[in-house]
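[1] Below are the sequence and a predicted model; questions follow.
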Amino acid sequence: MRTRSLVLILLIVGIPLGVLMWAAVRLAKNEQVVVQQQFHGLMEQRLQDVNQGIASHFQGIKAELEDLTSVANPDESTLRELGRTEPKVMQMFLLTQDGHLQYPNLQGPLNGNEQRFLLRASRVFSGQHLAAVTLDVTENSGQERDRLPPASPEASSEPEGPSSGFAASADVVNTGWLVWYWDRGLNLIYWNRRPDGQIVGAAISRSRWIADLIGQLPDSRIADSGGKENAIVPCIQLVNAAADPIYQWGQATDNTTEVVCEIAVAAPLASWRLKCLLPPDKIPGQSQSVFVGFAGGLIAVGTAVAILTFVLIRDYSREMREAGQQVSFVNQVSHELKTPLTNIRLYAELLDKDLIEIPDEIGQPIRKRLNVILSEGQRLSRLIGNVLTVARQNRDSLQLNRGTCVPDEIIQQVLTHFEPALAALNIAVEADCQAGGPCELDSDILEQILGNLISNVEKYASAGEFLTVRSRMKSEVLLVDIIDDGPGIHEREHERVFTPFVRLSQDISSATGTGIGLTICRELAQLHGGDTRIATSDGGCHVEVTLNTGS
């Protein structure tokens, strides 16, 4: 098989397979993105559900503390008793309208809890934000309200420092949470502004509210699989502002885990976050299983295509070898036929000369039969010449063999060879030869072209009555016209008939032929710097041949 054919077959197979591979990779990536987005949304919704539970939990605590701080007579003894009897409360406090701490009173006697509270929260009660919260909004309603933190429900913010500062936020101006840092981290204060402008607040016990919060979260020993054996169970962590885990549940994690998604916790724990973690190989769409599946499919398709290509190439190679053997056989047979055919024609011509001495009444029937032998011998010679021409073109390019000759002499010689056959068909031959001067020409090419064209007239235009052959020189170009009055060739078929092995009629009753005669005529004329074409005519067929006689 030729390299060009092999490359073409590989391209035909490789390009669709490459496109299929590209499309499969794109599809796998898109599928991966969709799966990741869906899983991310599912895990985020799970975190939102947990966050909603945390928000509801602190809403309940807020309701309890609101009742607690709405005491009718918030004097020192009452607030001290509330702090002692209420488990959630670490310390109660009272602020005047102008923001001064009234209880615990720094000037009065303090118990141990009150001393520890003042030590821890001293910077809270000296901050500018606290003064803003305690301002009398009745007297400065429009101006001072703008100085308060944003009024989004239960929103809170924290300072960047680890041990001082706070942020205040409230769903209304009169209540809210204060978030402050001391010792082990975040601490919570709930405050409530009374109608008289005083603020009653409660610092919540850190260990108590963290324990209560954890009690609302799922058991860390239970992996929520939803009752499905192969369900993906993520690890969910509640982490503080320093990213240290406070509590976690679900599947155990290690250093190879990856954060799938995270959200901020509802106020007052807005600096804390909920995180969903999973090992990378457990995250849907992130593993290579999708690509492995596509790769397996592509390998299977590629293997099938490769096997099919191998079979096709093998069959094609076998057919090409058989075709080459057939061409070689025909070529060899044609060469072998030339020698006996030459002898047959030679002895037939000698016999024709011997019949000159025999009287006409005896020699006429013999000459008639002998002319048939000579005509058929010449036709067989042309057929063998055509076969050998095609065989030579398959192996090598033809070469011109120019020589000085007279075109009209060659034309007359060819017409003489066809005279008996045309006379038998009652076709009158008219020669209008005007190229009688010598020129540089390959006489074999001109003879073969004329032989093929007149042979076509003999086979396909036998119903006609005349054949006209005209020749003339135009500058250095020989022009030859072959005109008959047969059925002709339709104009739409003028170019198609020059295609190798094309015959206009496949009817077995029509004249036989190989379909290479006109093809050879055109190729030989083009080799000689000219062309062969069919001219438009009112009837019959008009073939124009041009040959360049210049050097």
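    Received it, and whenever you're ready, just let me know what you need. Numbering: from 1, shown residues only.
[2] low-confidence ranges in the stretch 1-150 of the chain?
    The stretch 1-150 of the chain contains residues with pLDDT under 70 at 1-2, 4-6, 8-9, 126-150.
[3] Setting aside sequence neighbours, what's the nearest residue to Leu478?
    Distances taken as CB to CB, 6 or more residues apart in numbering put Leu547 closest to Leu478, at 4.5 Å, once the chain neighbours are dropped. The way it works is simple: take the backbone N, C-alpha and C, and place the C-beta from them, glycine included.
[4] and the one you found, how many neighbours?
    The number of residues packed near Leu547 is 25, by other CB atoms under 10 Å.
[5] Please give the element, helix or strand, for it.
    Per DSSP states H and E, Leu547 falls inside strand 541-548.
[6] average pLDDT for whichever helix or strand Gly377 is part of?
    Secondary structure assignment for Gly377, by DSSP H and E: helix 360-395. Helix 360-395 carries an average pLDDT of 72.
[7] Please point out which parts of stretch 269-278 sit buried.
    Leu269, Ala270, Ser271, Trp272, Arg273, Leu274, Lys275, Cys276, Leu277, Leu278 (16 or more other CB atoms under 10 Å).
[8] Now it - C-alpha only, CSV.
    Provided in CSV are the C-alpha atoms of stretch 269-278 (Å, rounded to 0.1, in the frame of the first residue of the first chain):
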residue,chain,number,x,y,z
LEU,A,269,-21.5,34.0,66.9
ALA,A,270,-20.9,35.7,63.5
SER,A,271,-17.1,35.3,63.8
TRP,A,272,-17.5,31.5,64.0
ARG,A,273,-18.0,29.3,61.0
LEU,A,274,-19.5,26.0,60.1
LYS,A,275,-17.4,23.9,57.8
CYS,A,276,-18.1,20.8,55.8
LEU,A,277,-15.1,18.5,55.2
LEU,A,278,-14.5,15.3,53.2
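[9] next one: it to chain centre, how far?
    Between the centre of stretch 269-278 and the centre of its host chain there is 41 Å, according to CA atoms, centre = their mean, to the nearest Å.
[10] quick check: mean pLDDT across that stretch?
    91.
[11] which neighbours does the very next helix or strand once past the helix holding Gly377 have in its sheet, and in what orientation?
    Once helix 360-395 ends, the next helix or strand along the chain (criterion: DSSP H and E) is strand 403-405. The strands beside strand 403-405 in its sheet (DSSP bridges) come out as strand 439-441 (antiparallel).
[12] For the spatially most distant residue from the centre of the chain, grab phi and psi.
    Most distant from the centre of the chain: Pro359, at 88.6 Å, with distances by CA atoms, centre = their mean. Main-chain dihedrals, Pro359, degrees, to the nearest 10: phi -60, psi 150.
[13] What residues does the closest residue to Ala243 other than its chain neighbours make contact with?
    Leaving aside its chain neighbours, Ala243 sits nearest to Arg273 (8.0 Å; criterion: CB to CB, 6+ apart). Arg273 is in contact with Leu238, Val239, Ala243, Glu262, Ile263, Ala264, Val265, counting by CB atoms under 8 Å, 6 or more residues apart in numbering.
[14] Quick check: the farthest pair among those residues?
    Farthest pair in the contacts of Arg273 (CB to CB) is Ala243 and Ile263. Separation: 14.3 Å.
[15] between those two, who's got more neighbours?
    The neighbour comparison of Ala243 against Ile263 (other CB under 10 Å) goes to Ile263, with 14 against 10.
[16] can you tell me how far the more buried one sits from Ile12?
    Ile263 sits 54 Å away from Ile12, going by CB to CB, to the nearest Å.
[17] can you check Thr404 too?
    Thr404 is 52 Å from Ile12, where distance means CB to CB.
[18] So the two - more neighbours on which side?
    Neighbours per residue (other CB under 10 Å) separate Thr404 from Ile12, with Ile12 holding more: 12 against 9.
[19] doesn't the more buried one fall inside a strand?
    No: going by DSSP: H, G, I helix; E, B strand; the rest coil, the assignment for Ile12 is helix, not a strand.
[20] Can you give me the domain assignment for the protein?
    The chain resolves into domains spanning 59-213, 399-548 when parsed by automatic domain parsing.
[21] can the ones you listed go into CSV with extra columns for distance to Thr339?
    Putting the domains of the chain into CSV (distance: least, CB to CB, whole Å) gives the following:
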stretch, distance to Thr339
domain 59-213, 111
domain 399-548, 18
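[22] Need the pLDDT of Glu440.
    So, for Glu440, pLDDT stands at 92.
[23] Just give me the neighbour total for it.
    Neighbourhood size, Glu440 [other CB under 10 Å]: 14.
[24] And it, how close does it get to Val200?
    Distance from Glu440 to Val200, by CB to CB: 127 Å.
[25] what do you get for Glu476?
    124 Å.
[26] who has more neighbours, these two?
    More crowded of Glu476 and Val200, by other CB under 10 Å: Val200, with 23 against 13.
[27] Now that one. Nearest residue, chain neighbours left out?
    Using CB to CB, 6+ apart, the closest residue to Val200 is Thr69 (4.2 Å).
[28] need the contact list for that neighbour.
    Residues in contact with Thr69 (CB under 8 Å, 6+ apart) are Met92, Tyr190, Trp191, Asn192, Val200, Gly201, Ala202.
[29] shouldn't the last one be in contact with Tyr103?
    This means Ala202. No: the criterion here is CB atoms under 8 Å, and Ala202 misses it with Tyr103 at 11.9 Å.
[30] anything in contact with each of these two?
    Met92, Phe93.
[31] Counting neighbours, go ahead and name the busier of the two.
    Using other CB under 10 Å as the criterion, Ala202 and Tyr103 rank with Ala202 on top: 25 against 22.
[32] State the helix or strand in which the more buried one lies.
    Taking DSSP H and E as the criterion, Ala202 maps to strand 199-204.
[33] ditto for Leu65
    helix 3-69.
[34] Direction-wise, compare that helix with strand 199-204 and give the angle.
    Helix 3-69 runs at 120 degrees relative to strand 199-204, counting by axes from the mean of the first three to the mean of the last three CA atoms, to 10 degrees.
[35] how much distance is there from helix 3-69 to the middle of the chain?
    With CA atoms, centre = their mean as the basis, helix 3-69 stands 22 Å off its chain's centre.
[36] Please enumerate residues in contact with the helix or strand that that helix is followed by?
    Per DSSP H and E, helix 3-69 leads on to helix 76-85 as the next helix or strand towards the C-terminus. Here helix 76-85 makes contact (CB under 8 Å, 6+ apart) with 68, 71, 89-94, 103, 105, 108, 111, 113-114, 200, 202.
[37] give me that answer again for 7 Å
    With contact meaning CB atoms under 7 Å, 6 or more residues apart in numbering, helix 76-85 is reached by Leu68, Val71, Val89, Gln91, Met92, Leu94, Tyr103, Asn113.
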